[in-house]
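Q: sequence and predicted structure, then a few things I'm wondering about:
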Amino acid sequence: MPFTHLSLNKKRTISKKRAISKNLGLSVLALAVTASAAAPTAVAQERELLNSSYDIARELFGEINPKFEAWWQEEHGEDVSVSQSHGGSSAQARAILQGLRADVVTFNQVTDVQVLADAGLVAEDWQDAFDNNASPYYSTTAFLVRDGNPKGIESWDDLAREDIDIVFPNPKTSGNGRYTYLAAWGFADQHFDGNEEQIHDFMRTFLRNVVVFDTGGRGATTSFIERGMGDVLISFESEVNNIRGEYGSDDYKVIVPPVSILAEFPVAVVEENAEDNGNEDLAHGYLEYLYTEEMQRLLAGFNYRVHNEDVVAEFADHFPETELLEVNDVFGSWDNVMDTHFGSGGLLDQLQRR
């Protein structure tokens, strides 16, 4: 029956019911608000830290991250998680510039952190934020040769022989590759007493012997181990030792040349991202954790050289002595290196064209 045909009494009855219903609704709403206020606050979502790192560090941080998560929970009573993004160090820096929201970087080259500082994502004084120029560990370049070292490779000068095939990552895309190039140049500079023509001749032959330029260290490892390419793989000392341990100590031999280069592994908080993600304290805590004695020992177990004196003494027999050339001493500065050697049309391009 249409509402307009209802009797006055029925209208009053409906009005009373509506009033009762309205009062009940307000009562229920009031109870709901009271209950909500009395209920415990919902558990905040677990914080997640993103670490952007170099290509061959997957296994290393696969060990470090769970230990840090447990340590943070014990120290702060908070469950957190750490995720990883891996690739060539320079490629990772570019990804952050293009929007990857990493909270921290653990790279293998100073310039890849500096480019983030120049863009305002990392503090200008980032190298002063942590000890040892913000490098909790370091390494050098070394050679991995096949069982028996059939080509008799012992030093850099052997790598300029015509019968040698070399594998190492592309210096244009990989910090690992850049250190290899610079170590070879540093050897030649010392060996030829700074004679530019002889240095260039050596480097030209050295580069000509490279059979594949993979974009990152892990790709170079795959080419050498799984694809069987090359007589020697040049990579970080840590990587070649880890490869030998994984694929068989009887099948490969590690050669640390008498002269090589100091390869620092710089770390930094990506301040802008960490602040936006609400992870500033977590980011700083994570990088400081790498300096603890426990982590220094773990790093040494992964064949990285460390600074903690007790751990250094403990692993003294593990790392052969070698003369470590420093980039600033040989090349003036990283800025000079990047412009002169690795910029478009630079010495690397020139040497490869001839």
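A: Now that the structure is in, tell me what you want to look at. Numbers count the residues shown, from 1 in each chain.

Q: counting neighbours, what do you get for Ser83?
A: 13 (other Cβ atoms under 10 Å). Every C-beta, even on glycine, is put in place using the N, C-alpha and C of the backbone.

Q: give the contact list for the closest residue to Thr215 other than its chain neighbours.
A: Counting by Cβ to Cβ, 6 or more residues apart in numbering, Thr173 is the residue found nearest to Thr215 once chain neighbours are left out, at 4.5 Å. Residues in contact with Thr173 (Cβ atoms under 8 Å, 6 or more residues apart in numbering) are Gly88, Ser90, Ala91, Thr215, Gly216.

Q: which residue is nearest the centroid of this protein?
A: Nearest to the geometric centre of the chain sits Ser53, at 1.6 Å (Cα atoms, centre = their mean).

Q: ranking the contacts of Thr173 by neighbours, who comes first?
A: Gly88 (29 neighbours).

Q: how near is it to Gly346?
A: 18 Å (Cβ to Cβ, to the nearest Å).

Q: then Asn133?
A: Asn133 is 25 Å from Gly346, by Cβ to Cβ.

Q: send the alpha carbons of stretch 159-173 over as CSV?
A: Extracted C-alpha coordinates of stretch 159-173, given in CSV (Å, rounded to 0.1, in the frame of the first residue of the first chain):
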residue,chain,number,x,y,z
LEU,A,159,98.0,-11.7,-19.0
ALA,A,160,99.4,-9.8,-21.9
ARG,A,161,100.7,-12.9,-23.6
GLU,A,162,99.1,-13.9,-26.9
ASP,A,163,98.1,-17.4,-25.7
ILE,A,164,95.9,-16.1,-22.8
ASP,A,165,92.1,-15.7,-22.8
ILE,A,166,90.7,-13.5,-20.0
VAL,A,167,87.3,-13.1,-18.4
PHE,A,168,86.3,-10.1,-16.3
PRO,A,169,83.3,-7.8,-16.1
ASN,A,170,82.8,-4.7,-18.2
PRO,A,171,84.5,-1.7,-16.6
LYS,A,172,81.7,0.5,-18.1
THR,A,173,79.0,-1.2,-16.0
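
Q: now do the contacts for Val330.
A: Here Val330 is in contact with Leu182, Trp185, Gly186, Asp189, Ile261 (Cβ under 8 Å, 6+ apart).

Q: now with 10 Å?
A: Leu182, Ala183, Trp185, Gly186, Phe187, Asp189, Gln190, Ile261, Val337 (Cβ atoms under 10 Å, 6 or more residues apart in numbering).

Q: in the helix or strand containing Glu246, what counts as buried?
A: Counting by DSSP states H and E, the element that carries Glu246 is helix 237-247. Across helix 237-247, burial judged by 16 or more other Cβ atoms under 10 Å covers Glu237, Ser238, Glu239, Val240, Asn241, Asn242, Ile243, Arg244.

Q: what sits against the first one?
A: Spelled out, it's Glu237. 138-144, 254-256, 260, 263, 303-305, 319-320, 322.

Q: can you check the second one too?
A: For Ser238, the contact set (Cβ under 10 Å, 6+ apart) comprises 56-57, 60, 108, 137-140, 142, 263, 265, 299-300, 302-305.

Q: again, but for the fourth one
A: With contact set as Cβ under 10 Å, 6+ apart, Val240 has these partners: 139, 141-145, 221, 224, 232-234, 252-256, 303.

Q: any idea how far it is from Asp79?
A: 37 Å.

Q: Asp317: neighbour count?
A: 6.

Q: again, but for Asp147
A: Residues near Asp147, counting by other Cβ under 10 Å, number 11.

Q: where does the closest residue to it other than its chain neighbours land on pLDDT?
A: In space, and not counting its chain neighbours, Asp147 is closest to Asp251: 5.1 Å by Cβ to Cβ, 6+ apart. pLDDT, Asp251: 93.

Q: likewise for Tyr247?
A: So Tyr247 comes in at 89 (pLDDT).

Q: repeat for Leu282
A: At Leu282, pLDDT is 98.

Q: before we move on, what SS does the closest residue in space to Phe331 that isn't next to it in sequence have?
A: Once flanking residues are discounted, Phe331 sits nearest to Val337: 4.8 Å by Cβ to Cβ, 6+ apart. Judged by DSSP: H, G, I helix; E, B strand; the rest coil, the three-state class of Val337 is helix.

Q: ok, now how distant is Val337 from Arg178?
A: 8 Å.

Q: okay, and the common contacts of the two?
A: Gln109, Thr111, Val327.

Q: which one of these has the most neighbours?
A: Gln109 (27 neighbours).

Q: so that one sits against Val267, correct?
A: No: the pair Gln109 / Val267 is not scored as a contact, 11.9 Å apart, by Cβ atoms under 10 Å.

Q: next SSE after the helix or strand Ala117 falls within?
A: Per DSSP H and E: Ala117 is located in helix 110-118. With elements assigned by DSSP H and E, the helix or strand that comes after helix 110-118 is helix 131-134.
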